[in-house]
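Enquirer: fold the following for me, if possible:
(chains A, B, C, D, E, F and G)
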Amino acid sequence: MIKPLGDRVILEAVEKEETTASGIVLPDSAKEKPQEGRIVAVGAGRIDESGNRVALEVNAGDLVIFSKYAGTEVKYGEKEYLILRESDILAVIE
Amino acid sequence: MIKPLGDRVILEAVEKEETTASGIVLPDSAKEKPQEGRIVAVGAGRIDESGNRVALEVNAGDLVIFSKYAGTEVKYGEKEYLILRESDILAVIE
Amino acid sequence: MIKPLGDRVILEAVEKEETTASGIVLPDSAKEKPQEGRIVAVGAGRIDESGNRVALEVNAGDLVIFSKYAGTEVKYGEKEYLILRESDILAVIE
Amino acid sequence: MIKPLGDRVILEAVEKEETTASGIVLPDSAKEKPQEGRIVAVGAGRIDESGNRVALEVNAGDLVIFSKYAGTEVKYGEKEYLILRESDILAVIE
Amino acid sequence: MIKPLGDRVILEAVEKEETTASGIVLPDSAKEKPQEGRIVAVGAGRIDESGNRVALEVNAGDLVIFSKYAGTEVKYGEKEYLILRESDILAVIE
Amino acid sequence: MIKPLGDRVILEAVEKEETTASGIVLPDSAKEKPQEGRIVAVGAGRIDESGNRVALEVNAGDLVIFSKYAGTEVKYGEKEYLILRESDILAVIE
Amino acid sequence: MIKPLGDRVILEAVEKEETTASGIVLPDSAKEKPQEGRIVAVGAGRIDESGNRVALEVNAGDLVIFSKYAGTEVKYGEKEYLILRESDILAVIE
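Expert: Sure thing, here's the model as predicted:
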């Protein structure tokens, strides 16, 4: 398994068909377009200036909207994943 | 529902007609133009260096003026929303 | 009413005629030119790293000199205002 | 009177003739050239991360050397002043 | 032996054949491509603002994914290594 | 006398002949070239985030090597001086 | 002797022949190339935000790998040295 470091998460990008299913449709404009994904694994969190680890706000299994051009792609086994920082995640779809 | 992360909020941009109704008219100049919107959901707030979460100053339902070119557009169900950071909100219309 | 967020203030720019009246004349040079305005409303202040809110040094009613190209213009009712950060205010005219 | 905000000061630039009198002569080189001035008013100081105000190191009446291209010019009554941050003041002439 | 300083680690990049073996295949896209490597040595960690050393999250022997263009190459004995900061490591493969 | 502010020092640049005497010869390369000088006066030090003043590591009278293109030239009386920050001083020659 | 300030060190760059002897060979690539050197003197360390001095991780006599284009060259007596910050040192060769 791939375990992200610090405040990083690993996501499986959700296909466009699935996107429509969950209700998110990306509008057609010049603005930055977000993308939907499901979190596969989360890091242990960054360490703050007091030396404490700050747990992430998101969890494995969460369906999230993230900044489309953020992160790094990796392929593990047969699947493609994205590794990005929690700060590139905009919102959780509940 | 979409739940924004950290110090982000989700807004519904207010149409121009409604803008006039609430009294805000965007002047015609070279300066950055703000836009009006109604907050739909707010994040739990950022975590400060002491490890405490800082609640947002705005709440769901607030009518706000925000920086026009800030944020990321998402469509959820039939409506378009904007996800932006609280720091991109300039003022609350009371 | 418009309530600015954080360390922002809302100003009514003072017309040039009024500027002369209060004694401020903008010199003719290549330097950044300030402008005079009267504060209409102030935010509650930013939150410092200890989690305390830092009250602004200026108050509603203050006549101030601010950095000319700072801020965002809004029109509310019949009047034009400027929303800017307290750090863009250079001095108070007493 | 004009009261500067935070860590700003208001200066009256000292004319070149006076500069010679006090002993400072600006050398002819490609380096940044400082300028001499007398402080007219000082701000209350910036607020540090512990929430305490940090008093300025300079006082009204001090003759100082400041960075020539710093600050903002204002004219008040018949005189021209400069508003700049204390960090743009290099030294005090005692 | 080479001992990295602060929050740096020394890596042995894993050859492409081995990459396939461990399951990571780099996708063909315009995104930043990560690379796989095995950690040879880790630094003692950076010192935080409280004066405490922050131990690294990775250990010698860990198989990691790192940002491809990060770090500095060194050759020691017959082998090539990479020295990079822990922040350039994206994830650990467990 | 000129008293530098904060973490600034005032230096008298040492002439090349004197440089040779003290043993420092500036090599002929594309790298940044340092220069030698004697400290004439030091500031009281910057104030840290705890509100304490941090005394400078150098003292008046020290012969130092500083970054050649740093600082601001001033002429006081018949002599030329340089005002620069302590961080632009690389080393003390003992 | 030359005593570096703060978190700076003084290095004697190790010649290429010696480099080969100690086992470091700089690979031929487009990446940043490090260089080997022996530390001659270290500064007392930077002062952190709590007002404590942070001792350096390296000592005089250490053989180190440093970032090739970092630092400032000085000649003292007959030898050439480099003054650089500890953060430009990548690793110690033990």
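
Enquirer: dump the longest strand seen in chain A to CSV, restricted to CA.
Expert: Criterion DSSP state E: the longest strand present in chain A is strand A:34-42. The C-alpha trace of strand A:34-42 is given here as CSV (Å, rounded to 0.1, in the frame of the first residue of the first chain):
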residue,chain,number,x,y,z
PRO,A,34,-12.1,21.4,-9.6
GLN,A,35,-12.3,17.7,-9.8
GLU,A,36,-13.9,15.0,-7.7
GLY,A,37,-12.1,12.1,-6.1
ARG,A,38,-12.3,9.5,-3.3
ILE,A,39,-9.6,9.5,-0.7
VAL,A,40,-7.7,6.2,-0.4
ALA,A,41,-5.2,7.1,2.3
VAL,A,42,-4.2,10.1,4.4
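
Enquirer: go through the helix or strand where A:Ala91 lies and flag the buried ones.
Expert: Following DSSP states H and E, one finds A:Ala91 within strand A:89-93. Burial within strand A:89-93, assessed by neighbour count using 16 or more other CB atoms under 10 Å in any protein chain shown, is assigned to A:89-93. Glycine gets a C-beta too; all of them are placed from N, C-alpha and C.

Enquirer: residues touching A:Gly43, list them.
Expert: A:3-9, A:56 (CB atoms under 8 Å, 6 or more residues apart in numbering or on different chains).

Enquirer: how about those residues in JSON lines, adding pLDDT, secondary structure and distance to chain G?
Expert: Shown next, in JSON lines, are these (pLDDT from 0 to 100; DSSP: H, G, I helix; E, B strand; the rest coil; distance: CB to the nearest CB, whole Å):
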{"residue": "A:Lys3", "pLDDT": "95", "secondary structure": "strand", "distance to chain G": "26"}
{"residue": "A:Pro4", "pLDDT": "97", "secondary structure": "strand", "distance to chain G": "25"}
{"residue": "A:Leu5", "pLDDT": "96", "secondary structure": "coil", "distance to chain G": "20"}
{"residue": "A:Gly6", "pLDDT": "95", "secondary structure": "coil", "distance to chain G": "20"}
{"residue": "A:Asp7", "pLDDT": "96", "secondary structure": "coil", "distance to chain G": "22"}
{"residue": "A:Arg8", "pLDDT": "97", "secondary structure": "strand", "distance to chain G": "24"}
{"residue": "A:Val9", "pLDDT": "97", "secondary structure": "strand", "distance to chain G": "29"}
{"residue": "A:Leu56", "pLDDT": "95", "secondary structure": "coil", "distance to chain G": "26"}
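
Enquirer: from chain E, how far off is the residue of chain A found nearest chain F?
Expert: Of all residues in chain A, A:Glu49 sits closest to chain F, at 10.9 Å by CB to the nearest CB. Using CB to the nearest CB, to the nearest Å, A:Glu49 is found at 5 Å from chain E.

Enquirer: where does that residue land in three-state SS?
Expert: coil (DSSP: H, G, I helix; E, B strand; the rest coil).

Enquirer: distance of it from B:Ser87?
Expert: For A:Glu49, the distance to B:Ser87 equals 21 Å [CB to CB, to the nearest Å].
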